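Student: Quick one, fold the following:
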Amino acid sequence: MALKISCNAIRGKVFSNWARTYRCQPELYFVPENIDQLRDIIKLATIHKKVVKVAGCGHSPSDITCTSDYMISMEKLNGILEVDVDLNQVKVQGGIKIEQLHKLLSTYGLAVSNIGSVSDITLAGAIATGTHATGVNFGMLATNVLEIELLLANGDIMTCSRQQNEEIFLCALCNLGAIGIVLSIKFQCEKSFKLEQYQTACSLDEVLDNLEDEVSSCDHFRFGWFPHTNDAV
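Tutor: Below you'll find the model as predicted:
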């Protein structure tokens, strides 16, 4: 059975994770521009019994995205769909990078409450892999997800949240790419703010002796230890 699809497939593409510890060469690599093209790719994969993996920016240290079958990049599905300035909420496509989200949110006077050390990753990928940041009063990135739209293997779109399809929603908050393609994410933001950073050198003993006080004294706390020494920052 032949199926013509509107999304061009790339052959010979070599994908590697950011650390270059894993690499693969999928049979076909797709960069779809809309949902209809995504559906066509899924249909093609079903016909030819191929596994479909969605790759973000490859920041996972594992080979979780690697495949010899079909790979999809969501880099062209990266826009803002809705903004509610009163509720500090935004709905974005799954392929948007966090660094792009920062810039777009700033034009509305909004910001993400808590992020990890790296912003050159897709929002959908960061949520799928359980990305976290720091702050005893802050949850992981997925804590601020209000709703997710998934494209399922049969081509249907499922909307899930704590009020609708809750069991799927909770799985989607750390889905590891296993329950469908993340089309969109509704995300709780807050008004734009500025952070002040204070950094000092100390001993590891000092950090550990005062860890609870340090963690509770600020919004975000982290320290780095220099191995084989008693030095920390």
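Student: where does this protein have low pLDDT?
Tutor: The model of the chain has pLDDT under 70 over residues 1-4.
Student: could you redo the last one with a cut-off of 80?
Tutor: Scanning the chain for pLDDT under 80 picks out 1-6, 116-117, 133.
Student: Please enumerate the helices of it.
Tutor: Ranges of helices in the chain, per DSSP state H, are 35-47, 98-106, 123-128, 166-172, 204-209, 211-216.
Student: Tell me which of these sits nearest to Asp84.
Tutor: Closest approach to Asp84 among the helices of the chain is made by helix 98-106 (12.1 Å; C-beta to C-beta). Where C-beta positions appear, they are placed from N, C-alpha and C, glycine not excepted.
Student: which residues are contacting that closest one?
Tutor: Helix 98-106 is contacted from outside by 78, 80, 90, 92, 96, 111-112, 115, 119-123, 126, 189, 192, using C-beta atoms under 8 Å, 6 or more residues apart in numbering.
Student: ok so, going back, which of the helices of the chain sits closest to Pro26?
Tutor: Pro26 sits nearest to helix 35-47 of all the helices of the chain, at 11.2 Å, using C-beta to C-beta.
Student: show me what contacts Phe223?
Tutor: Per C-beta under 8 Å, 6+ apart, neighbours of Phe223: 207, 214, 232-233.
Student: just the buried members of the contacts of helix 98-106?
Tutor: Among the contacts of helix 98-106, those that count as buried by neighbour count (16 or more other C-beta atoms under 10 Å) are 78, 80, 90, 92, 96, 111-112, 115, 121-123, 126, 189.
Student: Just those residues: which are in strands?
Tutor: 80, 90, 92, 111 (DSSP state E).
Student: for the residues you listed, which one is nearest Leu152?
Tutor: Val92 (20.0 Å).
Student: Out of the helices of the chain, the one nearest Ser60 is which?
Tutor: Closest approach to Ser60 among these is made by helix 123-128 (7.7 Å; C-beta to C-beta).
Student: Now the closest one - C-alpha only, CSV.
Tutor: Provided in CSV are the C-alpha atoms of helix 123-128 (Å, rounded to 0.1, in the frame of the first residue of the first chain):
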residue,chain,number,x,y,z
LEU,A,123,9.5,22.7,26.4
ALA,A,124,7.9,19.4,25.5
GLY,A,125,11.2,17.6,25.8
ALA,A,126,12.0,19.2,29.2
ILE,A,127,8.6,18.1,30.5
ALA,A,128,8.9,14.7,29.0
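Student: Identify the residues contacting that helix?
Tutor: 54, 56-57, 59-60, 74, 92, 94-98, 101, 116, 141-142, 145, 172-177, 182, 185, 187.
Student: Same question for stretch 204-219.
Tutor: With C-beta under 8 Å, 6+ apart, stretch 204-219 has contacts from 135-138, 195, 198, 221, 223, 225, 229-232.
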